[in-house]
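Novice: next one to model:
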Amino acid sequence: MTKIKDNISIYLSMLSCSIKSMMEYRVDFIVGIISQLLTQAVELIFIWIVFQNTQSLAGWTFDKLLLLYGITMLTIAIVDFLFDSIYDIGPKYIKDGDFDKLLLRPIHPLISVIGDTKTFTAFGYMAISLILIISMLIKLQIDITFMLIAKIIIFAFSGAIIIGAIMIAFSVTSFYTYKSNEIIWSVFRIYTFAQYPVEIYNKFIRILITFIFPFVFATYYPTLNYLGMENGWLMYLSPIVAIIFLIIAVKIWNWGLNKYRSTGN
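Specialist: Presented below is the predicted three-dimensional model:
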């Protein structure tokens, strides 16, 4: 238990240093956030265009879908902030030989990797998500209570751990290919299915995002709960799913680590 606390403390310290490093070049930091806001604006315009031809999508109105989108972006913002550096394991650490240095540190190398985040996208996602969530909660006449805010924050982190665990599990391919970015990114982008009601998908997609890559527990079921809709209680399974997938992911990663052989010169 003491070792776990020490690792968490070191991780938080590394994360703090990463934040300071990102904000050192403020113009680059601001431009990165603005560019991300523009990217999300394009996706929102696409959703708006869809609803110009229909009143609802599988029973979801435009406002409800925007709330789901906002909850998804909040979760993804946390994922980007906590796990974005997972993409660097192959090309930055292993391929360039820097991974050997991490093995000399008195902490688990995975903590060294995820503690070295350098992404701007998290702040763009965070801004757009907060705007959407607050405005849609008001428009849908949902009382913004302390309990609701606590639930949104807790289950956003829970969902982020689910997605992050999946990324960690697939990053093990780095120990063999030395360039797993595309593999991790392809799996990560499956989350976009959870930006829309699962009722619009066929049986295969539903099984995929519920049992294999349980993104619905990260975004869809929590949104159902906030809206007071059927099956919203499934949101409370999210922390359990997160813990199970994180344990499995770390075990897979440790297995890959045991197979690691330095790339040499």
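Novice: identify the bridge partners of Trp60.
Specialist: With DSSP bridges as the criterion, Trp60 is bridged to Leu57.
Novice: that one contacts Tyr69, correct?
Specialist: No - the pair Trp60 and Tyr69 fails to qualify as a contact (Cβ atoms under 8 Å) at a distance of 10.7 Å. Every residue, glycine included, has its C-beta placed from N, CA and C.
Novice: who has more neighbours, these two?
Specialist: Ranked by neighbour count (other Cβ atoms under 10 Å), Trp60 and Tyr69 place Tyr69 first, with 23 against 20.
Novice: quick check, the more buried one in a helix?
Specialist: Yes - counting by DSSP: H, G, I helix; E, B strand; the rest coil, Tyr69 is located in a helix.
Novice: the closest residue to it other than its chain neighbours and Tyr176: what is the separation?
Specialist: In this structure, Tyr69 finds its nearest non-sequential neighbour in Gln195, 5.6 Å apart by Cβ to Cβ, 6 or more residues apart in numbering. Applying Cβ to Cβ, to the nearest Å, the value for Gln195 to Tyr176 is 32 Å.
Novice: got it, and Glu230?
Specialist: Glu230 sits at a distance of 44 Å from Tyr176 (criterion: Cβ to Cβ).
Novice: what's the answer for Met73, then?
Specialist: Separation of Met73 from Tyr176 (Cβ to Cβ) stands at 33 Å.
Novice: between these two, who's got more neighbours?
Specialist: The neighbour comparison of Met73 against Tyr176 (other Cβ under 10 Å) goes to Met73, with 26 against 12.
Novice: my read: that one touches Glu43, true?
Specialist: No - using Cβ under 8 Å, Met73 is not in contact with Glu43, being 9.3 Å away.
Novice: shaky segments in this protein?
Specialist: 1-8, 10-12, 14-29, 31-33, 36, 118-120, 180, 263-265 (pLDDT under 70).
Novice: do that again at 80, thanks
Specialist: 1-42, 91-92, 95-97, 105-106, 115-124, 177-181, 261-265 (pLDDT under 80).
Novice: just the strands in it please.
Specialist: Counting by DSSP state E, the chain has no strands to list.
Novice: okay, which residue is most central for it?
Specialist: Nearest to the mean C-alpha position of the chain, counting by Cα atoms, centre = their mean, stands Val79 at 2.8 Å.
Novice: how far away is that residue from His108?
Specialist: Distance, Val79 to His108, by Cβ to Cβ: 20 Å.
Novice: please apply the same query to Thr54.
Specialist: Distance, Thr54 to His108, by Cβ to Cβ: 49 Å.
Novice: do Ile154 as well
Specialist: 25 Å.
Novice: neighbour count for the two, which is higher?
Specialist: Taking other Cβ under 10 Å, Ile154 and His108 do not tie; His108 has more neighbours (19 against 13).
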